[in-house]
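Chemist: pasting the sequence and the predicted coordinates here, then a few questions.
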Amino acid sequence: MSPLIDSHGRTKRKLRISLTDRCNFRCTYCMPEHPDWLPRASLLDGGEIVRLAGLFVDQGIDQIRLTGGEPLLRRDLVACVRAINGLRERGLRRLSMTTNASRIAPLAATLVDAGIDDFNVSLDAVDPAVFQKMTKREVAPVLDGIHALMDAGASVKLNAVVVRGDNEGEVVPLLDWAMARGLPLRFIEYMPLDAPGHWRRDAVVSEAEMLAAIGERHALETLPRGSDPASPYRVDGHYPLGIISTVSHPFCASCDRLRLTATGELFTCLFSPVGTPLGTRLREGVDDETLTATVRRAVWLKDAGYASRPGPVERTITMHAMGG
């Protein structure tokens, strides 16, 4: 089977699968203040997730990232991980997870053993008060989770969304904290993906502003840009730093990602206004050949991305149900 390629010539290699829309955090940039959870019966079960994941792997997807909501809220999480890990014999090369890490400490070693290669942990501040303001939760369980993952020998990367008026003052402290522990860090510009009408352009702390703040304390070296969404930098001659600047410098031209929601809806772009309901069609009894054709058509029709239509996207689904 030929690779999954869109009409702009971009080959898809990565799939993000949301295991649940539920989350135990209330990050201001991610979800409405009072989210409406999806009916549990509408969420894909483990077998359905693996079946759809396998279809994508058979089309050339070789990296899968499990997201949420918060994936640790899924009761059959470990079983799902083990089953998806079994797709390596069909071409899967890497299995990852994005988590807030607040509940991961007891399961860290188990998840590594089940097949997770690396973890992205959301950490928007190390100052407890700032973290509380942004997430409505305490930072201590997250830090405990990070240390548990490190003790389990896991590969860990930190992600921090920077929002003006909330945590722009945490850019350098976060960097210093991550550098001291040898944990790679990526700063992310605040994107228009939260509750409708909430995002403001003036709340975006740009890549240039972050670099200026870091440059006052550290030596910075710009590295060549690859297909990764983050612009890469080297700090003080040794530390890898990335900045995802979707708003100020969109990376759409090299996008190799697809997203599957917890109900099995395929979004070919983080900013797509509509998705393709693969889960619904699967439950209607559609065979794998038809589902594959549906996937290939949806991918081929993927538009140019945020760079071609910047600004908030109007749709009923918000970031917490899409996956990071």
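Modeler: Alright, I've got the coordinates.
Chemist: does residue 295 touch residue 61 like I think?
Modeler: No: look at residue 295 against residue 61 with CB atoms under 8 Å: they stay out of range, at 9.8 Å. All C-beta atoms are positioned from the backbone trio N, CA, C, and that covers glycine.
Chemist: so what's in contact with these two at the same time?
Modeler: Listed contacts common to residue 295 and residue 61 are residue 4; contacts here mean CB atoms under 8 Å, 6 or more residues apart in numbering.
Chemist: scan the protein for its longest strand.
Modeler: If you go by DSSP state E, the chain has its longest strand at strand 155-162.
Chemist: got the phi and psi for residue 95?
Modeler: Main-chain torsions, residue 95, degrees, to the nearest 10: phi -120, psi 120.
Chemist: quickly list what it is bridged to.
Modeler: As for beta bridges, residue 95 partners with residue 64 under DSSP bridges.
Chemist: gap between it and residue 238?
Modeler: Noted for residue 95: a distance of 28 Å to residue 238, by CB to CB, to the nearest Å.
Chemist: for residue 186, same thing?
Modeler: Relative to residue 238, residue 186 is positioned 17 Å away (CB to CB).
Chemist: strands along the stretch 151-300 of the chain, start to end?
Modeler: 155-162, 185-189, 220-222, 231-235, 239-244, 257-260, 265-267, 276-277 (DSSP state E, counting those that start in this stretch).
Chemist: so which of these is nearest residue 122?
Modeler: strand 155-162 (5.3 Å; CB to CB).
Chemist: now do the buried residues in that closest one.
Modeler: Along strand 155-162, these residues count as buried under the neighbour rule (16 or more other CB atoms under 10 Å): 156, 157, 158, 159, 160, 161, 162.
Chemist: quick one: residues contacting the last one.
Modeler: Contact criterion CB under 8 Å, 6+ apart gives 124, 168, 170, 171, 187, 188, 189, 190, 205, 210 as the residues in contact with residue 162.
Chemist: got those residues as TSV, with pLDDT, neighbour count and distance to residue 304 columns?
Modeler: Output for the contacts of residue 162, formatted as TSV (pLDDT from 0 to 100; neighbours: other CB atoms under 10 Å; distance: CB to CB, whole Å):
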residue	pLDDT	neighbour count	distance to residue 304
124	97	28	30
168	97	17	30
170	97	21	33
171	98	22	30
187	98	26	25
188	94	25	21
189	93	22	19
190	90	24	22
205	96	23	25
210	97	23	26
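Chemist: could you dump these to a markdown table with distance to residue 99?
Modeler: Converted to a markdown table, those look like this (distance: CB to CB, whole Å):
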| residue | distance to residue 99 |
| --- | --- |
| 124 | 14 |
| 168 | 24 |
| 170 | 20 |
| 171 | 22 |
| 187 | 18 |
| 188 | 16 |
| 189 | 21 |
| 190 | 20 |
| 205 | 24 |
| 210 | 24 |
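Chemist: greatest separation within the residues you listed: which pair is it?
Modeler: 170 and 189 (14.5 Å).
Chemist: for the stretch 151-300 of the chain, give me the ranges with low pLDDT.
Modeler: Low-confidence segments of the stretch 151-300 of the chain, defined by pLDDT under 70: 194-197.
Chemist: if we go to 50?
Modeler: Low-confidence segments of the stretch 151-300 of the chain, defined by pLDDT under 50, are absent.
Chemist: so where do the helices sit in it?
Modeler: 171-181, 207-215, 278-283, 288-300 (DSSP state H, counting those that start in this stretch).
Chemist: got the contact list for the longest one?
Modeler: Spelled out, it's helix 288-300. By CB under 8 Å, 6+ apart, helix 288-300 touches 4-7, 12, 51-52, 55-56, 58-59, 258, 266, 268, 276, 278, 281-282, 286.
Chemist: the same query, at a cut-off of 7 Å, please.
Modeler: 4, 6-7, 12, 55-56, 59, 258, 266, 268, 276, 278, 281-282 (CB atoms under 7 Å, 6 or more residues apart in numbering).
Chemist: which among the residues you listed gets closest to residue 228?
Modeler: Once CB to CB is applied, the member of the contacts of helix 288-300 that ends up nearest residue 228 is residue 12, at 14.6 Å.
Chemist: ok, and the closest non-adjacent residue to the closest one?
Modeler: residue 4 (4.1 Å; CB to CB, 6 or more residues apart in numbering).
Chemist: need the contact list for the one you found.
Modeler: 11, 12, 59, 60, 296, 299.
Chemist: where's the third one relative to residue 65, distance?
Modeler: So that's residue 59. Noted for residue 59: a distance of 17 Å to residue 65, by CB to CB.
Chemist: how about residue 103?
Modeler: Going from residue 103 to residue 65 by CB to CB gives 18 Å.
Chemist: more neighbours: those two, which one.
Modeler: residue 65 (23 against 16; other CB atoms under 10 Å).
Chemist: pLDDT at the more buried one, what is it?
Modeler: For residue 65, the pLDDT comes out at 98.
Chemist: quick one: contacts for residue 265?
Modeler: Neighbours of residue 265 in contact, by CB under 7 Å, 6+ apart: 275, 276, 277, 278, 279.
Chemist: fine by me, thanks again.
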